[in-house]
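K.L.:
predicted structure and sequence below. I'll ask about it afterward.
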Amino acid sequence: MQIKSIYRGARISAFKCREVTREIQGLPVAAALDILAFTPKKAATLVAKTLKSAVANAENNNNLRADKLVVQEATVGEGPTFKRFQPKARGSAGPIRKRTSHIRIILTDEIEIKPKRQPKKSSSKSKSSKPAPKKKAAVPAPEAAAPKAPAPATEPTTTQE
């Protein structure tokens, strides 16, 4: 069964709101509310309000449990744009568009909630089967490699006068 909730005329642009609704599509309701609670955007509070309304519709009108519901679709459409003007230089006016949007959320209980995959446990067998990395032979310092030979004895040169 599909449950719908629509927030019409939300005072935010559809472009900004779509970024948030993309994150919750296909998630269980509890996970979607958690994501929205920790998203630092104005659109997150508006979408959360709409999602809570859809959950209330499901519980009161259709006797469904909230833990069985999944966000099937979360879309945002453009609403009417308020046109305002701001004074500019030399007596002209610059347009300001105050955009609104319509947030629509559809919940369903027909999609099965899949649990998240748990990380695989590594066994000690797999660790020991890998060969140990070979250690590089230590290269001795140049001074220690070849002992210094004594300097050759040179005879003093004598000059004949």
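P.N.:
Great, that's in hand.

K.L.:
where does pLDDT dip in the protein?
P.N.:
115-119, 122-161 (pLDDT under 70).

K.L.:
centroid-nearest residue for the protein?
P.N.:
Central residue of the chain (C-alpha atoms, centre = their mean): Glu23, 8.6 Å from the mean position.

K.L.:
after the lengthiest helix in the chain comes which helix or strand?
P.N.:
Counting residues, the longest helix found in the chain (DSSP state H) is helix 42-62. Of the helices and strands lying after helix 42-62 in sequence (DSSP states H and E), the nearest is strand 70-78.

K.L.:
where do the strands of this structure begin and end?
P.N.:
With DSSP state E applied, the chain shows strands at 2-10, 70-78, 82-87, 93-98, 101-108, listed in chain order.

K.L.:
quickly run through the sheet partners of the third one, with directions.
P.N.:
Strand partners for strand 82-87, identified by DSSP bridges, are recorded as strand 93-98 (antiparallel).

K.L.:
wait, what's in contact with Pro80?
P.N.:
By C-beta atoms under 8 Å, 6 or more residues apart in numbering, Pro80 lies in contact with Gly9, Thr100. Every residue, glycine included, has its C-beta placed from N, CA and C.

K.L.:
state the distance from it to Gln86.
P.N.:
With distances taken as C-beta to C-beta, to the nearest Å, Pro80 is found 20 Å from Gln86.

K.L.:
can you list contacts of stretch 14-32?
P.N.:
Here stretch 14-32 makes contact (C-beta under 8 Å, 6+ apart) with 10, 35-36, 39, 41-44, 46-47, 51, 55, 66-67, 69-79, 99, 101, 103, 105, 107, 111, 113.
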